[in-house]
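> structure of the sequence below:
(one chain, ligands or ions: 1)
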Amino acid sequence: MLFVHTADNHLDMPLGSLPPHKALIRRQSRLSSFSKIIDYTLACGDMLLISGDLFDTSCPSASVVRFCTEQFKRLGDIPVFISLGNHDHISQSFNFPENVHLFPSSPETVTYKNYTITGVSFASPSADFAHIIPPASQKDRFNILCIHGDTLTQSEYNAMNKDKLFSLGYDYVALGHIHEFSRYKTIVYPGCHDGGGFDETGEKFFVACRVENKLPIVEKIPSSSLVYRSESFDISQYSSSDEIGAALCEKFPQGIYKFSLTGTPAEGFVPNISLIQDYICEYFFHATVEDCSDTKADASTNMLYKIFSDYVQSSCIDEEVSRLALHYGACALKGEIDV
Ligand SMILES: [Mn+2]
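Numbering: from 1, shown residues only. Okay, here's the model as predicted:
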């Protein structure tokens with residue numbers, strides 16, 4: 001027995017941290033990574049559980065609904081059980097194929113093979129149904145609860161106490177809402193399947209759960225098509241912006257990045273952020289660079305130097321000339337040379 005569990009796919013999310021043309025490409029790649037979950041289920045799963053926020057809104061675009069319909073159809077007789085969440089709460093009926101079971105707004109238990117699956121969908125953007133979830137009922141089967149909700153904070157999104165949830169006796173609780181993988185006893189958040197912003201950094205997963213002697217053996221399967229990362233990079237040993245650009249491309253794998261430059265660069269050298277950005281945008285899917293180095297700190301305490309370095313950097317001069325200008329400018333401001 002093996003089933004697949006995913007949640008918080010937010011398939012049509014706008015991806016606002018990317019420029020529009022890249023957001024479009026990224027939305028497609030997030031759909032492709034979702035189709036890999038279908039591939040996996042088709043290859044070795046008894047069923048697919050989706051515990052809410054499959055879509056980013058309760059009125060997803062016709063094209064994304066069509067995409068899901070096609071994907072679910074590929075599963076043939078393998079069932080898909082969906083409990084809708086706060087983002088995609090019940091507001092319309094979908095024309096999903098017959099193998100898809102959408103849970104209603106009050107708890108319902110379905111039996112399939114040697115499983116029972118209990119689920120309930122959000123009927124509006126907020127919900128509070130933790131107190132009406134029935135305990136696991138069929139001791140001779142593997143009992144699963146598939147719902148969306150928050151076990152971490154007191155929130156309006158079906159807040160649940162983890163220990164109370166555990167005491168209901170389910171063999172596996174398939175949760176959604178928190179976009180990061182976590183597990184507490186039999187209670188599992190798979191996290192989102194593929195990052196959608198810098199609040200979802202790092203590798204993302206879906207869960208493949210094997211059942212052995214009524215125990216869930218949980219495996220995280222990586223499913224990101226591209227990973228969001230916030231990275232700091234020490235530029236102390238560099239003296240040109242091109243070198244920094246080259247080093248970033250060499251050191252970091254493909255992805256979507258927010259780089260912070262740190263450290264103390266060689267005297268007189270001020271990294272040219274737009275030059276570095278131009279250099280690395282050829283390589284990474286998307287990357288932004290922020291100067292957090294000591295140069296910046298010095299410059300901000302020395303207004304005159306800042307005005308001077310901004311002027312040099314905005315002038316279209318050769319980088320070597322600009323480096324020398326900043327070096328001599330810094331020395332002159334410190335009174336180390338006469339001008
Ligand atoms: Mn979500």
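> nearest residue to the middle of this structure?
residue 195 (2.2 Å; CA atoms, centre = their mean).
> quick check: bridge partners of the closest residue to that residue other than its chain neighbours?
Nearest non-adjacent residue to residue 195, counting by CB to CB, 6 or more residues apart in numbering: residue 228, 4.3 Å away. Where you see a C-beta, it was placed from the backbone N, CA and C, and this is true even at glycine. Assessed by DSSP bridges, residue 228 has beta-bridge partners residue 256.
> contacting residues around residue 228?
195, 197, 198, 200, 201, 202, 255, 256, 257 (CB atoms under 8 Å, 6 or more residues apart in numbering).
> if we go to 10 Å?
17-18, 194-202, 204, 255-258, 285-286 (CB atoms under 10 Å, 6 or more residues apart in numbering).
> could you identify the buried members of those?
The neighbour count (16 or more other CB atoms under 10 Å) marks 17-18, 194-197, 200-201, 204, 255-258, 285-286 as buried among the contacts of residue 228.
> secondary structure element for the residue nearest to the centre of the chain?
For residue 195, there is no enclosing helix or strand under DSSP states H and E.
> ditto for the one 5 residues further on
Using DSSP H and E, residue 200 sits in no helix or strand.
> okay, it: pLDDT?
pLDDT, residue 200: 96.
> list the contacts for it?
Listed by CB under 10 Å, 6+ apart, the contact partners of residue 200 are 8, 10, 179, 180, 191, 192, 194, 224, 227, 228.
> same check, this time on residue 70
Contacts of residue 70 (CB under 10 Å, 6+ apart): 35, 38, 97.
> cool, residue 9 as well?
30-31, 33-34, 37, 50, 52-56, 68, 87-88, 176, 190, 192-194, 196, 206, 223.
> filter these down to the ones near the ion?
residue 53 (CB under 5 Å from the ion).
> tell me if residue 31 really is in a helix.
Yes. Looking at residue 31 with DSSP: H, G, I helix; E, B strand; the rest coil, it is inside a helix.
> look at the residue lying closest to it once chain neighbours are set aside and report its pLDDT.
Leaving aside its sequence neighbours, residue 31 sits nearest to residue 67 (CB to CB, 6+ apart; 5.8 Å). Residue 67 carries a pLDDT value of 98.
> please name the residues that touch residue 67.
11, 12, 28, 31, 34, 35, 60, 61.
> and it, what helix or strand is that in?
Going by DSSP H and E, residue 67 is part of helix 62-74.
> just the mean pLDDT for whatever helix or strand comes next after that helix, thanks.
For helix 62-74, the following helix or strand on the C-terminal side (DSSP H and E) is strand 80-82. Across strand 80-82, pLDDT averages out at 98.
> cool, and stretch 113-120?
98.
> how far off centre is it?
28 Å (CA atoms, centre = their mean, to the nearest Å).
> ok, back up a step: any of the contacts of residue 9 buried? List them.
30-31, 33-34, 37, 50, 52-56, 68, 87-88, 176, 190, 192-194, 196, 206, 223.
> residues near residue 14, how many?
For residue 14, the neighbour count with other CB atoms under 10 Å is 14.
> now do the SS call for the closest residue to it other than its chain neighbours.
Once flanking residues are discounted, residue 14 sits nearest to residue 23: 6.6 Å by CB to CB, 6+ apart. Following three-state DSSP, we place residue 23 in the helix state.
> before we move on, back to that, buried ones from the contacts of residue 67, can you make that a ChimeraX selection?
To isolate the buried members of these in ChimeraX, using 16+ other CB under 10 Å:
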select :11,12,31,34,60
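> wait, which of the contacts of residue 67 is closest to the ion?
The nearest member of the contacts of residue 67 to the ion, counting by CB to the ion, is residue 11 at 11.2 Å.
> residues contacting residue 274?
Neighbours of residue 274 in contact, by CB under 10 Å, 6+ apart: 241, 289, 313, 314.
> for these, which one is nearest residue 80?
For these, the closest approach to residue 80 (CB to CB) belongs to residue 289, at 42.2 Å.
> give me the neighbour count for residue 64.
18.
> show me the helices in this protein, by range?
In the chain, the helices defined using DSSP state H lie at 20-44, 62-74, 162-166, 241-251, 273-281, 294-301, 303-314, 319-333.
> in terms of mean pLDDT, which of those ranks lowest?
Mean pLDDT across these is lowest at helix 294-301; the value there is a mean of 58.
> my read: residue 229 touches residue 248, true?
No. The pair residue 229 / residue 248 is not scored as a contact, 11.6 Å apart, by CB atoms under 10 Å.
> tell me the residues of the stretch 51-200 of the chain that contact the ion?
Near the ion, when you scan the stretch 51-200 of the chain using CB under 5 Å from the ion, you find residue 53.
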